[in-house]
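Trainee: predicted model, plus sequence, below.
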Amino acid sequence: MFEDIRGLIEHFEEKNDLIRIKKEIDPKFELAAISKKLDGKSPVLFENVKNRKVVLGFFGTRERIASSLDVDIRELRDYILKAVENPKPVKIVEDAPVKENVTKNFDLRDLPIPTHYEKDAGAYITCGVIIAKDPETGVRNASYHRMLLKDKDTLGVLINGWRDLMKYYRKAEERDKPLEIAVCIGLDPSTLFAAAATGIPIEVDEFEIASSLLGKHMELVKCENVDIEVPANTEIVLEGEILPKVREPEGPFADFTGIYDIRRDNPVIKIKGIMHRDDPIYQDILPISREHLLLGAVPREPVMYKALKMNVNVLDVHLTLGGCGRFTAVISIKKEGECEGRDAILTALSTQRDLKHVVVVDDDIDIFDERDVEWAVTTRYQSDKDTIMIKDLSGSLDPSGRIDSRKLGIITAKMGIDATKSFEEGAMRSYEKPKIPFEIDLRGYMEDV
Ligand SMILES: Cc1cc2nc3c(=O)[nH]c(=O)nc-3n(C[C@H](O)[C@H](O)[C@H](O)COP(=O)(O)O)c2cc1C
Ligand SMILES: [Mn+2]
């Protein structure tokens, strides 16, 4: 298991699966342009971005995610489920690499924060995990939030209305108090994954899930300027607070939906001090990249799988890249009763607010093969009777939805497509996939093959 991002870099380097770029790279657009070319192909370590190292891409494929968590890809789903269901305690330590450099004399503009897309409002921290504590219960929370670099000590931040962090912030705001936070950049893979995981109850500290993924106590250390603990091995920590009753324009930002999220009034963070390791490694995520979308998809699939298991004989769940990693699920089931395709749709839709479209197929369909899935929809589905449509449900950043009047979220319609074979229609036609009864080695038949 890799206890910090340095261990992860070494691991991928040993597997010959890391590209190092030594040339000086401009954080404005150039870094993003290179990263886009290498999206899903290789993790990248930029060695000189404003004289700093920047890394990205470790989660760019499902195989790399499994490899980062040191688990076989076939066991990834059960591994995640087990971790989510078995939180393990953390350990508070005194000495920590992140304390190698501690200062209040800083300028956030010195960090190698990239500007990714043409119309983005500016440089954005895209792989920053915000740690906060519930003002009432003290329970810790960790979640990703995009942060716009505004000034030497100021960041704009998007916190969706339904996030645990937003619940904490509202409690602090009600008391007219700022919410103390720490922004962690350059984290170990267990924390990176745990912070992205969904279906974790608000009472559970994401670091206890990280401990479980890591297979031992996560080591946390107390910050210097705020009452928050952060992973001892974090590369860079920004200590500060979210200001009460302040909203300033933030955005546009090209987000996981594959479009620019529009400029809106959002909370503001003031940074008071920073800590970092010697020669710190800044971590970035290219928005809309495979890494970005898979970090949405992979932690959500096991949670859906588990819920489905209670109602139907589910085989596998796939949140697709075209569905932004969150909005569209393809589910395969071994159907036993006539209505189970529809049962699966309703169960799946009730598990995640982000989910919008569900396609259910039989066990002979490869849900990771788009053509196979479309073929099932084409040949096994009748739109007038195999569709479930529900209007006005809670969604997430669905661009075609509408913002609810309390501005807490997005209202969207949801749909399920039951593309499983009907037992009732089966008498009229064969659903069997035609096979040629033997395999040929072409070399025996022609030259130059
Ligand atoms: C790369 C990445 C970026 C994200 N950016 C945001 C964001 O800007 N705002 C937000 O509210 N959620 C964002 N999320 C989603 C939450 O961080 C994530 O779903 C988290 O698990 C929510 O934690 P919670 O259940 O403790 O609220 C992002 C997720 C990822 C993986
Ligand atoms: Mn949480």
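Mentor: Received it, and whenever you're ready, just let me know what you need. Ligands and ions are numbered 1, 2, ... in the order given.
Trainee: sec struct for residue 378, please.
Mentor: helix (DSSP: H, G, I helix; E, B strand; the rest coil).
Trainee: what number of residues lie near it?
Mentor: 9 (other Cβ atoms under 10 Å). All C-beta spots, glycine's among them, are computed from the backbone N, C-alpha and C.
Trainee: quick one: it from ligand 1, how far?
Mentor: As judged by Cβ to the nearest ligand atom, to the nearest Å, residue 378 and ligand 1 stand 33 Å apart.
Trainee: look at that residue and report its pLDDT.
Mentor: pLDDT for residue 378: 95.
Trainee: also residue 427?
Mentor: On pLDDT, residue 427 comes in at 51.
Trainee: low-confidence bits of the stretch 251-400 of the chain, can you list those?
Mentor: In the prediction, the stretch 251-400 of the chain carries no residues with pLDDT under 70.
Trainee: buried sites along stretch 42-50?
Mentor: Buried residues in stretch 42-50, counted by 16 or more other Cβ atoms under 10 Å: 42-46, 49.
Trainee: just the mean pLDDT for it, thanks.
Mentor: For stretch 42-50, mean pLDDT rounds to 98.
Trainee: list the contacts of that stretch.
Mentor: Here stretch 42-50 makes contact (Cβ atoms under 8 Å, 6 or more residues apart in numbering) with 9, 12, 17-27, 31, 34-35, 38, 53-58, 60, 64, 110-112, 114, 282.
Trainee: so does stretch 263-280 get close to ligand 1?
Mentor: No. Figure legend: stretch 263-280 not in contact with ligand 1 (Cβ under 6 Å from any ligand atom); closest approach 9.2 Å.
Trainee: enumerate the residues of the chain near ligand 2.
Mentor: For the chain, the residues in contact with ligand 2 (Cβ under 5 Å from the ion) are 141, 164.
Trainee: of all the residues in the chain, which one is nearest ligand 2?
Mentor: Here the residue of the chain nearest ligand 2 is residue 164; by Cβ to the ion that distance is 3.7 Å.
Trainee: quick one: pLDDT of that residue?
Mentor: pLDDT for residue 164: 95.
Trainee: list the contacts for the nearest residue to it once chain neighbours are set aside?
Mentor: Leaving aside its chain neighbours, residue 164 sits nearest to residue 141 (4.6 Å; criterion: Cβ to Cβ, 6 or more residues apart in numbering). By Cβ under 8 Å, 6+ apart, the contact list for residue 141 reads 131-134, 164-165, 168, 202, 205-206.
Trainee: by neighbour count, which of those wins?
Mentor: Ranking these using other Cβ under 10 Å puts residue 131 first, with 29 neighbours.
Trainee: so which of the contacts of stretch 42-50 sit within helices?
Mentor: Taking DSSP state H, the ones among the contacts of stretch 42-50 that sit in helices are 9, 12, 31, 34-35, 64.
Trainee: ok, so of those residues, who is nearest ligand 1?
Mentor: residue 35 (13.7 Å; Cβ to the nearest ligand atom).
Trainee: burial check on that closest one, number of neighbours?
Mentor: 24.
Trainee: same check on residue 78?
Mentor: By other Cβ under 10 Å, the residues close to residue 78 number 13.
Trainee: now it: phi and psi?
Mentor: phi -70, psi -30 (degrees, to the nearest 10).
Trainee: which non-adjacent residue is nearest it?
Mentor: With Cβ to Cβ, 6+ apart as the criterion, residue 78 has its nearest non-adjacent residue at 7.7 Å, and that residue is residue 302.
Trainee: buried residues in the helix or strand the one you found falls within?
Mentor: Taking DSSP states H and E as the criterion, residue 302 maps to helix 290-309. For helix 290-309, the buried set under the neighbour-count rule, 16+ other Cβ under 10 Å, comprises 290-308.
Trainee: chain center to that helix, what's the gap?
Mentor: 9 Å (Cα atoms, centre = their mean, to the nearest Å).
Trainee: which strands and helices sit next to the helix or strand following it?
Mentor: Using DSSP H and E, the next helix or strand after helix 290-309 towards the C-terminus is strand 314-319. Judged by 3 or more Cβ pairs under 8 Å, 6 or more residues apart in numbering; DSSP states H and E, strand 314-319 is in contact with helix 290-309, strand 328-333.
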